[in-house]
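1. test case, fold it:
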Amino acid sequence: MDKFQKLHGIAAPMPLVNIDTDMIIPKVFLKTIKRSGLGVNLFDEMRYDRQGNEIPDFVLNKPQYRNAEILVAGDNFGCGSSREHAPWAIADFGIKCVISTSFADIFFNNCFKNGILPIVLPQEQVDILMADAEKGANARMTVDLESQEITTSDGVVIPFEVDAFKKHCLLNGLDDIGLTLEKQASIESFEAKATTQRPWV
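-> Numbering: from 1, shown residues only. The predicted structure follows:
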């Protein structure tokens, strides 16, 4: 998993509330078990019409937001079913940080496991970031995980909270497998000893 330390990028405004995981990645795309390739279908039913043509008014289809790396969203983002394909699709599109007033618990935790930083802020602070995002591609935000601060294009600094363990994992690019491999020497030592003491196992 890529390390997340400091992100300076375009923020896309998506003020809709209750964006559920079926809106993020519709169930028709859940057949794959690969983490890659889902970005093209992120928000599929909002991004494309029934003929597969882009809907120009959708925020991520607008030229200024096609390379967005930050999403400023409405309340209760990621609600609905617990599909991990949702953060897979977000990450594959290139979005590394989602900011909202609240997230569904399972989606929130799945973000950290897939290299995405979900940030919870009070409504008044989300409103500031939403307004900044609406300025377009020239208004880039900075998200500094180490200092736990978001800086708007105008220099407004907004602090945020993050769980210390989840922060450690993101800063060091550690998913569940990476955390296990940190203990590789101890695991190999245990296995060697077990083989000697219980060769019949």
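2. where does pLDDT dip in the protein?
-> Applying pLDDT under 70 to the chain flags residues 176-184, 188.
3. what segments of it are strands?
-> 6-14, 70-73, 97-100, 117-120, 140-144, 149-151, 157-159 (DSSP state E).
4. distance to residue 175 and mean neighbour count added to these, as JSON lines?
-> From N, CA and C alone the C-beta is placed, and that goes for glycine too. Below are the strands of the chain laid out as JSON lines (distance: least, C-beta to C-beta, whole Å; neighbours: other C-beta atoms under 10 Å):
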{"stretch": "strand 6-14", "distance to residue 175": "18", "mean neighbour count": "19"}
{"stretch": "strand 70-73", "distance to residue 175": "21", "mean neighbour count": "25"}
{"stretch": "strand 97-100", "distance to residue 175": "17", "mean neighbour count": "24"}
{"stretch": "strand 117-120", "distance to residue 175": "14", "mean neighbour count": "21"}
{"stretch": "strand 140-144", "distance to residue 175": "20", "mean neighbour count": "20"}
{"stretch": "strand 149-151", "distance to residue 175": "24", "mean neighbour count": "19"}
{"stretch": "strand 157-159", "distance to residue 175": "26", "mean neighbour count": "13"}
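5. verify the stated contact: residue 46 with residue 58.
-> Yes: if you go by C-beta atoms under 8 Å, residue 46 and residue 58 touch, sitting 5.3 Å apart.
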